[in-house]
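J.: The following block contains a protein sequence and its predicted model.
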Amino acid sequence: MCRYRKPFNEILTALGTVTIPDLPTLDPTLNLDPSRCEGVYERPGARYEVSAKAESCTCPWS
């Protein structure tokens, strides 16, 4: 759980409004193909090259 979620949820609950939901859990039965994400993604000031190898996906930020 992120550090901000607990205090924000306490404040939001006290205000009687919606809270921050938990992150969804991953479905281990999914058969995802990381090669579908291969390529170069860029915008001004940022460039990411993504390539898939065997059972993993390599990304510059990991």
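T.: Done, it's in. Numbering: from 1, shown residues only.
J.: Quick check: phi and psi on the residue most central in space within the chain?
T.: Residue closest to the average C-alpha location in the chain (C-alpha atoms, centre = their mean): Leu23, at 9.3 Å. When read as degrees, to the nearest 10, the backbone of Leu23 gives phi -70, psi 150.
J.: Use 18 as the first number for this chain going forward.
T.: New numbering, starting at 18: the last item is Leu40.
J.: So what would you say the end-to-end distance of stretch 28-36 is?
T.: Using C-alpha to C-alpha, to the nearest Å, the span of stretch 28-36 from its first residue to its last is 9 Å.
J.: and the residue nearest to the centre of the chain, what does it touch?
T.: Contact partners of Leu40, counting by C-beta atoms under 8 Å, 6 or more residues apart in numbering, are absent. In this view, the C-beta of every residue, glycine as well, is placed from N, C-alpha and C.
J.: Got the confidence number for it?
T.: We have a pLDDT of 82 for Leu40.
J.: swap in Glu72?
T.: 57.
J.: Okay, and Lys23 sits in which element?
T.: helix 22-31 (DSSP states H and E).
J.: Hmm, I typed the wrong one, I wanted Arg20.
T.: Going by DSSP H and E, Arg20 is not in any helix or strand.
J.: sorry, back to before: please list the residues outside the helix holding Lys23 that contact it.
T.: Val35, Thr36, Ile37.
J.: part of a helix, is the first one?
T.: No. When classified by DSSP: H, G, I helix; E, B strand; the rest coil, Val35 is found to be coil rather than part of a helix.
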